[in-house]
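Enquirer: generate a structure from the sequence data that follows.
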Amino acid sequence: MSKDPYDLMANYDYRKTEEYKRHERAMAELDAMTPEEQRQTLIDAGILNEDGELVERYGGTAPNPEEEDDWNFENRSASDNAMSESPYDLMANYDYRKTEEYKLHERAMAAFDAMTDEEQRQTLIDAGILNEDGELVERYGGTAPNPED
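Expert: Presented below is the predicted three-dimensional model:
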């Protein structure tokens, strides 16, 4: 464990998160499928269109599916939240708010919010988000040079 009181994520291991474990299980299921089942899964997920072309959202040239454009997790109906019947729908019932990673994020944000302004500033500097002058670095959308890694 890190002794640095500002280092909230020093000992974070993404491989222990529920999200990562779910990803690993989904990949194992995908690997066990036939090529046609894999293709249909990618179509159902909106990654490929019906012609098997990669959609724009994932770096392809095919248009994104219409029904996905206004999709919002918070606005789904109760019937949408029911368990999916599709054998190809690996992530339909995924709720990021139940993951260990999200819970860790919530705890870290609560700890950050409880800090003084100077402690928050120092934490952001230690994390490489701000430089010593308090300017946002390029990696996070700012104009200050990234710190040397």
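Enquirer: any idea how far the residue of the chain positioned farthest from its centre lies from Asp117?
Expert: Distance to the chain centre peaks in the chain at Asp133, reaching 30.0 Å (criterion: C-alpha atoms, centre = their mean). Asp133 sits 16 Å away from Asp117, going by C-beta to C-beta, to the nearest Å. C-beta coordinates here come from the backbone N, C-alpha and C atoms, glycine included.
Enquirer: same deal with Arg57?
Expert: Taken as C-beta to C-beta, the span from Arg57 to Asp117 is 39 Å.
Enquirer: same question for Asn131.
Expert: 17 Å.
Enquirer: go on, Glu36?
Expert: On the measure of C-beta to C-beta, Glu36 and Asp117 end up 58 Å apart.
Enquirer: let me see the ranges of the helices in this structure.
Expert: 18-32, 35-44, 100-113, 117-126 (DSSP state H).
Enquirer: to Gly142, which of those helices lies closest?
Expert: Closest approach to Gly142 among those (C-beta to C-beta): helix 117-126, 11.1 Å.
Enquirer: that closest one: how far from the chain's middle?
Expert: 24 Å (C-alpha atoms, centre = their mean, to the nearest Å).
Enquirer: per-domain residue ranges of the protein.
Expert: 14-94, 100-140 (automatic domain parsing).
Enquirer: which of these comes out lowest on mean pLDDT?
Expert: By mean pLDDT, the lowest-scoring of the domains of the chain turns out to be domain 14-94, with a mean of 74.
Enquirer: residues contacting Gln120?
Expert: Phe112 (C-beta atoms under 8 Å, 6 or more residues apart in numbering).
Enquirer: for Arg57 and Asp117, indicate the residue with more neighbours.
Expert: Arg57 (14 against 7; other C-beta atoms under 10 Å).
Enquirer: re earlier: can I get the domains of the chain in CSV including distance to Glu148?
Expert: Below are those laid out as CSV (distance: least, C-beta to C-beta, whole Å):
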stretch, distance to Glu148
domain 14-94, 24
domain 100-140, 10
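Enquirer: tell me the contacts of the closest residue in space to Gly128 that isn't next to it in sequence?
Expert: Spatial nearest neighbour of Gly128, excluding adjacent residues (C-beta to C-beta, 6 or more residues apart in numbering): Pro147 at 4.9 Å. By C-beta under 8 Å, 6+ apart, the contact set of Pro147 is 128, 131, 137.
Enquirer: great, nothing more from me.
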